[in-house]
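Engineer: Provide a 3D model corresponding to the input given below.
(one chain, ligands or ions: 2)
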Amino acid sequence: MDVDAALDRAGVTNDRVREFVRHWAAHTQPARIEVVSAADDGRLIEESLAAGEISPAGRGRYYSRSYAKDTARSEERTIVATSDPADRGVYDNWRPAAEMRPLLEERMRGASAGKTMYVVPYLMAPPGSPLERYAAGVELTDHRTVVLHMIRMARVGTQYVNDLDDPDSFVRGVHVTGDLEELGQGTDDDQRYFVTVADQRTILHFGSSYGGNALLGKIAHGLRQAAYDGWKSGEFLAEQFMLIGIVDRQTGRTYHVCGGFPSASGKTNLAMMTPPTGLKDRYEVRFYGDDIAWLRVDPDDGRIYAINPEYGVFGVARDTNEDTNPVGIASVAPGTGTLFTNVAYKEDTEAVWWEGRTPAPPDPTGWRDWTGALISERPADERDDPWAHPNSRFTTQLGNVPTLAEDFDDPRGVPIDAIIFGGRTSDREPLIRAITDVAEGVYDGLTLGAEATFAAEGVDGQLRYDPMSMRPFLSYPEGAYAEQWLRIIGSAREKPIFAHVNWFQRDHADGHYLWPGYQDNLRPLLWLLQLKNGEVTGRQTPVGILPTTDELDLDGMAIEPGDLDVLLSIDVDRWRQEMTFREEHLDEFADLPEEVWAAHRRVAGQLKEASSDH
Ligand code: OXD
Ligand code: MN
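Structural biologist: Ligands and ions are numbered 1, 2, ... in the order given. Presented below is the predicted three-dimensional model:
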């Protein structure tokens, strides 16, 4: 294996990158080294097809299965390590760097024997962005399918690391798959470790080839490392946020909204939304990103600007169809180069299917489930199991999204008008409540959550809190995180408006969803922007400003007046109960800024005074 020859062939001139590759090649002992750029995609696809690692899924689309015990991110095995014990938070699983590095080095020693080490230089930002110096990285991986994913999810090529102002300023990522059948996934003897050594800007992931465990640009760099860098530099926030533009053709204005939702709350569908009947002529929704946004204050106009650092969409397949997300379906059409993972597959027609793709599954003849087992040969007790894994995915480049905004790669990013947080809550949370005070907005984000999905997990109606939807990605203590939010948003000259949204409220009696969701979610967002513009006033409640029924544009929509009343009101008793849960939750965080506690006390005080039929 000649490392230097491979680096020379690819034109890698950054000596620090060369040194990094040489070091890890000596350590993991691969048989071959290959430096990758996006232009290699076609060849790598052919090689992967020939090796049986992927299968064709119709014209220009591909399918792969992962190892059956390797189908999701592992939160318990994910660690943020630094050399400062003060970096320990409640959710970051902090461990000393001096303990974790040797542990990972031990597991990775000689672990790529016989394999190819792919060197993937990448950029997590539109080129030229003021945040570009936090965005360059090199992932070393021993897995070809991971390379195919990286090419779709990040800008990949040697040019992104050759000309860095500071040649040392790239994130060093090492991904070693390991022997997946021998890793004890989920047992007491679990061998996997997914470690971000944040103060060394080094990411060491061992024991998975799946999604966020293996594509180091996306979550480990784009969220954990970037959040840490944003904190240390004081320059920016890195959040698990979608980012959209809303164009009002009548006024010619475009608004930008970003926001966080705990997983499985419909973030991708929202980002790919098209306007509902009745609003189509006037409005357009443009897609910027569905999963990550970096936010900073622009010195020129003092506004908050956001970029999507990614280059693709790694979307959950389940329930994606022509009704729920037609833009998503178009984004994975034949010819898009989409990779499907762990969906159901039919070899003779190269078709893919997942739960919710069509109302009923196709005729099972010839179909295999995500594990590769023939549906027609399933034992009786497995007959009703899903065909696709619930976390099955599609991976497609931004350029395939038909609603992609023209300025998606503007290095400056786009100015943010509103920041929304969305929970998944069956009662209490109204359709939308707007918050104009920054500390109350940050407080609201910190108390975001989704209802526990298993009764055993918590008290009825109690949330699994997920601050700003960043619980699995927080890389520094929550108190400092809240302070960083107050500092960045607080220093903007024109501040975004905040809002909490909930598409999931149900009727007490028969359980039906009170709000249809999907396209109609544009309606409360339009109200929010009108509120920010002073065109409507809403009505003040203890937990924020709610639309009045006549302020919400319901053109072309049928909804029961009784349902609308519930969606636009506050259940004060349930809110008072929630405040005690919130206090316990916030109490876990050390050094939470006084402004956040003051916001909590203000809301609690107003709820105490409110009458029960507010
Ligand atoms: C996630 C993802 O795990 O975006 O949140 O893949
Ligand atoms: Mn995500």
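
Engineer: going forward, measure contacts and count neighbours with C-alpha atoms only.
Structural biologist: Fine.

Engineer: all strands for the stretch 451-600 of the chain, in order.
Structural biologist: With DSSP state E, counting those that start in this stretch as the criterion, the stretch 451-600 of the chain has strands at 463-465, 497-501, 539-541, 544-546.

Engineer: CSV please, covering those strands and showing mean neighbour count.
Structural biologist: Putting the strands of the stretch 451-600 of the chain into CSV (neighbours: other C-alpha atoms under 10 Å) gives the following:
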stretch, mean neighbour count
strand 463-465, 21
strand 497-501, 24
strand 539-541, 14
strand 544-546, 23
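
Engineer: what's near enough to touch the spatially closest residue to Ser66 that is not a sequence neighbour?
Structural biologist: Once flanking residues are discounted, Ser66 sits nearest to Asn342: 6.6 Å by C-alpha to C-alpha, 6 or more residues apart in numbering. If you count contacts by C-alpha atoms under 8 Å, 6 or more residues apart in numbering, Asn342 has them with 63-66, 370-371, 388-389, 391-393.

Engineer: Just the ones of those in helices?
Structural biologist: Among the contacts of Asn342, no residue falls in helices (DSSP state H).

Engineer: Quick check: which element contains Leu295?
Structural biologist: strand 293-297 (DSSP states H and E).

Engineer: Pull the distance from the stretch of helix or strand Ala434 belongs to to the chain's centre.
Structural biologist: In this assignment (DSSP H and E), Ala434 forms part of strand 432-435. How far strand 432-435 lies from its chain's middle: 23 Å, per C-alpha atoms, centre = their mean, to the nearest Å.

Engineer: Specify which residues of the chain, grouped into ranges, have pLDDT under the cut-off.
Structural biologist: For the chain, applying pLDDT under 70 flags the ranges 452-461, 612-614.

Engineer: what do you get if the cut-off is 90, keeping everything else the same?
Structural biologist: Residues of the chain that meet the criterion pLDDT under 90 lie in 1, 75, 212, 262-266, 423-424, 450-463, 611-614.

Engineer: Next one: the residue nearest to the spatial centre of it from Ser263, what distance?
Structural biologist: By C-alpha atoms, centre = their mean, the chain has its centre lying nearest to Asp291, at 3.3 Å. Applying C-alpha to C-alpha, to the nearest Å, the value for Asp291 to Ser263 is 10 Å.

Engineer: now do Gly372
Structural biologist: From Gly372 to Ser263 the distance is 26 Å (C-alpha to C-alpha).

Engineer: Then Thr254?
Structural biologist: 28 Å.

Engineer: One more: Phe314?
Structural biologist: 13 Å.

Engineer: again, but for Leu486
Structural biologist: According to C-alpha to C-alpha, Leu486 stands 24 Å off from Ser263.

Engineer: who has more neighbours, those two?
Structural biologist: Set Leu486 next to Ser263 and count neighbours by other C-alpha atoms under 10 Å: Leu486 wins out with 20 against 17.

Engineer: if I pick Leu183, what's in contact with it?
Structural biologist: Here Leu183 is in contact with 189-192, 207 (C-alpha under 8 Å, 6+ apart).

Engineer: give me that answer again for 10 Å
Structural biologist: Contact analysis of Leu183 by C-alpha atoms under 10 Å, 6 or more residues apart in numbering lists 69, 189-192, 206-208.

Engineer: Helices of the stretch 251-400 of the chain, start to end?
Structural biologist: In the stretch 251-400 of the chain, the segments counted as helices under DSSP state H, counting those that start in this stretch are 267-271, 326-331.

Engineer: Let's have those in CSV, adding mean neighbour count and distance to Glu355.
Structural biologist: Converted to CSV, the helices of the stretch 251-400 of the chain look like this (neighbours: other C-alpha atoms under 10 Å; distance: least, C-alpha to C-alpha, whole Å):
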stretch, mean neighbour count, distance to Glu355
helix 267-271, 25, 16
helix 326-331, 20, 14
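
Engineer: Among these, which comes closest to Arg383?
Structural biologist: Closest approach to Arg383 among the helices of the stretch 251-400 of the chain (C-alpha to C-alpha): helix 326-331, 27.3 Å.

Engineer: Show me what that closest one is packed against.
Structural biologist: When contacts are defined as 3 or more C-alpha pairs under 10 Å, 6 or more residues apart in numbering; DSSP states H and E, helix 326-331 packs onto helix 267-271, strand 312-316, strand 393-397.

Engineer: re the thing from before, pull the distance from the strand holding Leu295 to the chain's centre.
Structural biologist: That offset, for strand 293-297, works out to 15 Å (C-alpha atoms, centre = their mean).

Engineer: and that strand, what does it pack onto?
Structural biologist: In terms of contacts (3+ C-alpha pairs under 10 Å, 6+ apart), strand 293-297 is packed against helix 226-233, strand 236-239, strand 253-260, strand 304-307, strand 414-415, helix 478-490.

Engineer: Redo these as CSV? Include distance to Pro56.
Structural biologist: Formatted as CSV, the helices and strands packed on strand 293-297 follow (distance: least, C-alpha to C-alpha, whole Å):
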stretch, distance to Pro56
helix 226-233, 35
strand 236-239, 34
strand 253-260, 34
strand 304-307, 33
strand 414-415, 37
helix 478-490, 44
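
Engineer: so which of these comes closest to Arg88?
Structural biologist: helix 478-490 (9.2 Å).

Engineer: I'd like the C-alpha coordinates of that closest one written as CSV, please.
Structural biologist: In CSV, the C-alpha atoms belonging to helix 478-490 read as follows (Å, rounded to 0.1, in the frame of the first residue of the first chain):
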residue,chain,number,x,y,z
GLU,A,478,-27.1,22.7,28.6
GLY,A,479,-26.6,25.8,30.7
ALA,A,480,-23.9,27.1,28.4
TYR,A,481,-26.1,26.0,25.4
ALA,A,482,-29.0,28.2,26.6
GLU,A,483,-26.6,31.1,27.2
GLN,A,484,-25.2,30.7,23.7
TRP,A,485,-28.7,30.9,22.3
LEU,A,486,-29.5,34.0,24.3
ARG,A,487,-26.3,35.6,23.2
ILE,A,488,-26.5,34.8,19.4
ILE,A,489,-30.3,35.5,19.0
GLY,A,490,-30.2,38.3,21.5
